[in-house]
Every structure is written in C-alpha cells, then in structure tokens.
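K.L.:
what's the 3D shape of this:
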Amino acid sequence: MANAFELLAELTTAARVVRTRLDQDFAPHGVTAQQAGVLLHMASGVTAVRELRKAMSMDAAGMTRLLDRLADRGLIERSARDDDRRALTVTLTSRGEALAPTLPPVFGRVAAQLDAVPPSELSAAVSCLRTISRVLDS
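P.N.:
You can find the predicted model right below:
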C-alpha cells in the first residue's frame, strides 16, 4: 500500500514527465506548455492579468515573467485599463492570434497518449488529485 511520501514522489515525477513532454511538443511553435496555456486562455477571451493568474494558478511574479516572455516574442501586448491604470489587460497580437489555433492539437496529441491508461485509473487519479489540491490548499 502506497504512503503519502510515495504519492508525493510519484506526483512530482509525473508532473515533470508531463511538463517535459508538452514542452518538447510545443518547442516547434516557439512556446512552452505554460505559455501555450496563457495564449489559449487569452484566445478564449480572458484579458485581465488577475484572471489569467487564477486560471493558471500562478503568483504575480511568475505571471509577470511569463507575460514578459510572450511580449518579447511579439505574441501579446499589455496596456493599462481605462478604469484603473494600475491594472493591466493583455491582448493577443496578430502573431498571437495566428498561433493560438495551432496549440490545442498539441495538448490533444499528448492527452491521446493517456488513452493507454484504463479509464477507471484515470478517474481515480483525477479524483485523488482534486482531493490533494483541496486538502493542501485549505
């Protein structure tokens, strides 16, 4: 029977393997998986930095660095909001808009590899991960 330490070790390993695989598959697009996630949230209409941080479960410093990289690549633009100049909004540039539709299939190809995992195990894993998040986030 697995214990919490084994779970943490396996969870850390699995997260690294998934992140590495996604980053490898996104490399030809010139972005990381995390950057792709931000671009897809933006393409779906999320323009407030605070909303992006929440959607990506990131702190302010990490989101700032991520947005800096996307802006440096010419994929996004930042601007102050009219109603609160301290708050920023972000928008996709034409390059970002052109790139965004090419990104979901990459996530899809990696997710398809998980078809080798029995559905009951996937369901149990998702349930377990949700419980872990809830317990550690409280």
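
K.L.:
name the residues that touch whichever strand or helix holds residue 67?
P.N.:
Using DSSP states H and E, the element containing residue 67 is helix 60-72. Helix 60-72 is contacted by residues 31, 34-35, 38-39, 49, 52-53, 56, 58, 76-78, 90, 96 when judged by CB atoms under 8 Å, 6 or more residues apart in numbering. (Each C-beta comes from the backbone N, C-alpha and C, glycine too.)

K.L.:
count the neighbours of the closest residue to residue 97 other than its chain neighbours for me.
P.N.:
Computed as CB to CB, 6 or more residues apart in numbering, the closest residue to residue 97 that is not its neighbour in sequence is residue 43, at 7.3 Å. Residues lying near residue 43 (other CB atoms under 10 Å) number 16.

K.L.:
go on, residue 120?
P.N.:
8.

K.L.:
tell me what the helix or strand where it lies is packed against?
P.N.:
Assessed by DSSP H and E, residue 120 sits inside helix 119-137. Counting by 3 or more CB pairs under 8 Å, 6 or more residues apart in numbering; DSSP states H and E, the packing neighbours recorded for helix 119-137 are helix 4-26.

K.L.:
now what about the helix or strand that comes right after the helix it packs on, what contacts it?
P.N.:
With elements assigned by DSSP H and E, the helix or strand that comes after helix 4-26 is helix 33-43. The contact list for helix 33-43, computed with CB under 8 Å, 6+ apart, reads 19, 22-23, 26, 29, 31, 51-52, 55-56, 66-67, 69-70, 75-76, 90-92, 96-97, 99-101, 103-104, 106-107.

K.L.:
run the last query once more with 6 Å
P.N.:
22-23, 26, 52, 55-56, 70, 92, 96, 100, 103 (CB atoms under 6 Å, 6 or more residues apart in numbering).

K.L.:
quick check: ChimeraX command selecting the buried ones in the residues you listed.
P.N.:
Here is the ChimeraX selection string for the buried members of the contacts of helix 33-43, based on 16 or more other CB atoms under 10 Å:
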select :22,26,52,55,56,70,92,96,100,103
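
K.L.:
got a markdown table for the contacts of helix 33-43, with distance to residue 82 too?
P.N.:
Below are the contacts of helix 33-43 laid out as a markdown table (distance: CB to CB, whole Å):
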| residue | distance to residue 82 |
| --- | --- |
| 22 | 36 |
| 23 | 36 |
| 26 | 34 |
| 52 | 19 |
| 55 | 23 |
| 56 | 25 |
| 70 | 22 |
| 92 | 19 |
| 96 | 22 |
| 100 | 25 |
| 103 | 30 |
